[in-house]
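Asks: With the input below, show me the fold.
(2 chains)
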Amino acid sequence: MEKVLSRFAAVSTDPYTALTTWKQDTGRKIIGCFPMRIPEEIIHASGMLPVVMWRGNEAVTLGHSYVHNFNCGLTRSFIDDVMKEKLNFMDGMIFYRSCLQAEEIPSTIELNAPPSHFLYLYLPPLYPGIPFRDFLIQELKRMKQRLEEWSGQEITNESLNNSIEIYNKNRSLLKRIYELRKKRPGTIKAREMLAIVHSSMLMDKEEHNSLLESLLPELEGRKELTGDKIRVVLSGGLCQTPHTAILDLIEETGMVVVDDDIYTGSRYFANDVTLGDNPLESLADRYMKKTPPDPTMGDWNTLWTDYMVDKVKENSAKGMVSLLIKYCPPHLCYYPDIRRRFDKEGIPEVLLEVEHEIVSLEQVRTRLQAFIEVIKGGA
Amino acid sequence: MRQQFKINRLATTGLMGPMVDKHWEELRTAKERGEKVAWCSGVPFIFAYAMDMKCHFMAGYSAYCAGRKAAEQILEIAENTGELPDTCSYHRLHMGMAEAVKNGIPVKEDVILPIPDLMIAGRVCPEMSHYAEALYRKFGIEVVGIELMTPYQESDYSFLEPFVERQFKEVLIPKMEEVCGKPFNYDRMREILTVLKKVATIRNECLEYFKKVPSPWTLWDYGVSLAPVIYLMGKPETVPYYEKLKAELEDRAKNNISAIFPEEKYRVFWDGWLPWGFLGQFARKITSYGANPISGRYPWEMFPRPDLIDPEGDPVRTFVKALYTGTMLGNNMAKPGLSLMDKIVPEYNIDGIIFFTAKSCRIWKGQMTMLNQMERRYGIPGITLEADMADGKMFSEAQIDTRLNAFFEVLEARKEKRRWI
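Replies: Numbers count the residues shown, from 1 in each chain, chains lettered A, B, ... in the order given. This next block holds a predicted model:
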């Protein structure tokens, strides 16, 4: 078990080595996808490896010649990695607009350090009406066609359905691990859970499935955490990994994460794709699902706050930790609603604004300690 | 002692203030007359105008508010009611204004907006939708959303246009008809487009005068004159305004009168938003070096291709064509932006580029890349000035002075390389 978890952690913390090795071993192409909504299954069906672009593992230096320092960590760090030639193993990159800062990356890369293959997609937000679904399917067809050109391999309905099945299986295995954590909090540390999900974004899904299948029974045998830990839910981190140091602090200060609403967490594997005769349409239908609510999409009727409050209540959690990525407009613009709603519900919530470069962990510790005081005071 | 420079102001631009004030006053008092009101981000306000609704334009209102020095007060209301200071200042202005009106918090009277019957979220950027979504959640104000995706490159116009046209026809127009209780008025839309075409055509003739050395007007003058080609769209009085402006520029050009007195020393490209909240401060600072900003990406995005507008045909289709093929929505992306600069820098004899960076808005993509590319392609230096469109907390006078000083020292050192002397 420890070997599998170490493998996931190694991939999550150093995707550069893991992916370079994978490429050397398999001779296959790697395609980077901008988080969060590019259907990886289509890339998988082309015989190439889709990987979700990540926030790098070092401070941004060269990148600041290409992007303003008041952009979010992911955009700055990704551009920094490209300019430092750390991502040269990527054969192609696919982007879309999830926010204004996401829109900054593609042209910066295409004009300064273009990969062999490059695609900018227009994925529409979730406005009601037929035009949006039709346009989305049209864009997915354009993506499929481009991937066929890049890979030299036709993507058939059969191959696409096969990839969908593999991805559905991955989602169901990840869900089982989450269920296990809910039932037996502390069985899996927050940083381990992050590595499990994040590595899924970076590895061949069949291999990931096989590792998850071997891990599950062993995790079930792991001892449950004992002691008086405060149950909390994490939310935020919309398109990038939270710092493991902060996850550790949450646990060190006396809390246990029972569930989450983060991208490198439950948001990634929510919703299966229905298998059918038209897999592109099935992928479009998954894209257009309204839960988990996504503040980058223009859906004002499905309340993210309802989803969060339900998550806290379903898990009998005592509070929620909001991980707000510095300069993340969709989360920043939504946050006042979250604050108001949690106040109204009487559920403690703490906001941790996190940057790519952590300024002070001690400040975070103090905030978390104060949060615990609030929870205990209200208990 | 440094040479003293000042702006030789145009007489015509003084006529714009009352026109703009009238527009906002009519909107402010619309409910008293029983008129329907919309708030709109992006350009779909034309659909509200066609239905005789009074409609605001998010960026135009924010500029007005900032120009009227009301932004500080409204931003404070927004932040006191929970809005976070790193969000778009236009987002916060609207959240603060709605809060003020709903809860009777006193604000400067001439910038008050009535709570709308409908918000049209024309999503040129996602924040242009976030504020409408947030107001829906907070106050239950009805929203209709239109995705106005910014084209990444010119070759994408062909498949984006039919999608946007469908959204207007299948989503927006039915919603307008529902809210207004009457069929959509295509004829009125044609009338508005007819006036717009005429105004934008004369405006393009005016823009040609920026090429003249010395230029008879400044980008600050043009900034004041933007409303007729955007939210004053379709107003008959916008035509004589531009006719007068053109005549004044013609006269100046004939008599070789420079907009910068006593001489135009540097010709500058201004990239990014015009700094509405601090227009006077920036104008004074830049003029003090004898510099004239004569072009930019933002002012060039207001219907630059009126020749594509065909009011006699399908008004929705021609409007969409003007947005995309007409390059109205693309300049803020790096690739189309670079194409524009490649055209403008040599044609307008640009000496240097000021990249105005709004800390709360990232809509102007590729500024750092453009700065590098323009230096490499044309040997033109650039600087970035970090501030904001409206939020004074993000305006640091000392930082701006230091950077401008260094920038104009570089321009001075390179003056022998100028093509235009």
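Asks: tell me which element B:Ile350 is part of?
Replies: Per DSSP states H and E, B:Ile350 falls between elements, in no helix or strand.
Asks: Restrict stretch B:172-180 to CA atoms and write it as PDB.
Replies: This file holds the C-alpha atoms of stretch B:172-180, laid out as PDB (Å, rounded to 0.1, in the frame of the first residue of the first chain):
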ATOM      1  CA  LEU B 172     -31.700  37.200 -26.100                       C
ATOM      2  CA  ILE B 173     -34.400  38.300 -28.400                       C
ATOM      3  CA  PRO B 174     -37.100  36.000 -27.000                       C
ATOM      4  CA  LYS B 175     -36.100  37.100 -23.500                       C
ATOM      5  CA  MET B 176     -36.400  40.800 -24.500                       C
ATOM      6  CA  GLU B 177     -39.800  40.100 -26.000                       C
ATOM      7  CA  GLU B 178     -40.900  38.400 -22.800                       C
ATOM      8  CA  VAL B 179     -39.600  41.200 -20.500                       C
ATOM      9  CA  CYS B 180     -41.000  44.000 -22.700                       C
END
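Asks: what's it in contact with?
Replies: For stretch B:172-180, contacts defined as C-beta atoms under 8 Å, 6 or more residues apart in numbering or on different chains pick out B:36, B:44, B:47-48, B:51-53, B:117-118, B:120, B:142, B:144, B:146, B:183-184, B:316. C-beta: built from backbone N, CA, C; applies to glycine.
Asks: Just among these, which is most surrounded?
Replies: Using other C-beta atoms under 10 Å in any protein chain shown as the neighbour criterion, B:Ile120 leads the contacts of stretch B:172-180 with 31 neighbours.
Asks: ok, that one - contacts?
Replies: With C-beta under 8 Å, 6+ apart, B:Ile120 has these contacts: B:38-42, B:44-45, B:47-48, B:55, B:132, B:143-144, B:146, B:172.
Asks: Which members of the residues you listed are positioned in strands?
Replies: Among the contacts of B:Ile120, the members found in strands (DSSP state E) are B:38-41, B:55, B:143-144, B:146.
Asks: Near chain A, list only the ones from the residues you listed.
Replies: Among the ones in strands among the contacts of B:Ile120, the ones lying near chain A by C-beta under 8 Å from any C-beta of the partner chain are B:143, B:146.
Asks: any idea which of the contacts of B:Ile120 is the one closest to B:Leu338?
Replies: Nearest to B:Leu338 among the contacts of B:Ile120 is B:Gly42, at 23.3 Å by C-beta to C-beta.
Asks: is it true that that closest one touches B:Met128?
Replies: Yes. The pair B:Gly42 and B:Met128 qualifies as a contact (C-beta atoms under 8 Å) at a distance of 5.8 Å.
Asks: which residues are in contact with both of those two?
Replies: Contact criterion C-beta under 8 Å, 6+ apart; residues shared by B:Gly42 and B:Met128: B:58, B:121-122.
Asks: What is the nearest of those residues to A:Val309?
Replies: B:Ala121 (25.3 Å).
Asks: re the thing from before, what about burial for the ones in strands among the contacts of B:Ile120, which qualify?
Replies: Buried subset of the ones in strands among the contacts of B:Ile120 (neighbour count, 16 or more other C-beta atoms under 10 Å in any protein chain shown): B:38-41, B:55, B:143-144, B:146.
Asks: ok, so of those, who is nearest chain A?
Replies: The closest of these to chain A turns out to be B:Val143 (C-beta to the nearest C-beta; 5.7 Å).
Asks: Next up, the contacts around the closest one.
Replies: Contacts of B:Val143 (C-beta under 8 Å, 6+ apart): A:300, B:118-121, B:132-133, B:135-136.
Asks: Please say which of B:Gly42 and B:Met128 ends up with more neighbours.
Replies: Shown here are B:Gly42 and B:Met128; by other C-beta under 10 Å, B:Met128 has more neighbours (26 against 21).
Asks: The more buried one and chain A: what is the separation?
Replies: Noted for B:Met128: a distance of 10 Å to chain A, by C-beta to the nearest C-beta, to the nearest Å.
Asks: Tell me how many other residues crowd the closest residue to chain A within the stretch 251-400 of chain B.
Replies: Per C-beta to the nearest C-beta, B:Ala334 is where the stretch 251-400 of chain B lies closest to chain A, at 3.5 Å. A count of nearby residues for B:Ala334, using other C-beta under 10 Å, gives 26.
Asks: ok, it - contacts?
Replies: A:107-108, A:111, B:365-366, B:369-370 are the contacts of B:Ala334 under C-beta under 8 Å, 6+ apart.
Asks: what does B:Glu133 give?
Replies: Counted by C-beta under 8 Å, 6+ apart, B:Glu133 has contacts A:298-300, A:333, B:121, B:143.
Asks: got it, and B:Tyr231?
Replies: B:23, B:45, B:56-57, B:60.
Asks: Show me the two of these that sit farthest apart.
Replies: The widest separation within the contacts of B:Tyr231 (C-beta to C-beta) is 11.3 Å, between B:His23 and B:Phe45.
Asks: Of those two, which one has the most company?
Replies: B:Phe45 (24 against 20).
Asks: where does the closest residue to the more buried one other than its chain neighbours land on pLDDT?
Replies: What sits nearest to B:Phe45 in space, not counting adjacent residues and going by C-beta to C-beta, 6 or more residues apart in numbering or on different chains, is B:Cys55, at 4.4 Å. According to the prediction, B:Cys55 has pLDDT 97.
Asks: Pairing-wise in the sheet, spell out the partners of B:Cys55.
Replies: Beta-bridge pairing for B:Cys55 (DSSP bridges): B:Ala38.
Asks: That one touches B:Gly42, doesn't it?
Replies: No. Counting by C-beta under 8 Å, B:Cys55 does not reach B:Gly42; the two are 11.7 Å apart.
Asks: what's the closest non-adjacent residue to the closest residue to chain B within the stretch 51-200 of chain A?
Replies: Closest residue of the stretch 51-200 of chain A to chain B, C-beta to the nearest C-beta: A:Ser107 (3.5 Å). Nearest residue to A:Ser107, sequence neighbours excluded (C-beta to C-beta, 6+ apart): B:Ala334, at 3.5 Å.
Asks: Need phi/psi at the one you found.
Replies: Note on B:Ala334: backbone dihedrals following degrees, to the nearest 10 are phi -70, psi -40.
Asks: ok, the residue nearest to B:Glu205 when sequence neighbours are not counted - how many residues close by?
Replies: Among residues not flanking B:Glu205 along the chain, B:Lys246 sits closest, at 5.7 Å (C-beta to C-beta, 6+ apart). Applying other C-beta under 10 Å, we find 17 residues neighbouring B:Lys246.
Asks: A:Glu353 versus B:Lys246, what's the distance?
Replies: Using C-beta to C-beta, to the nearest Å, one obtains 51 Å as the distance from B:Lys246 to A:Glu353.
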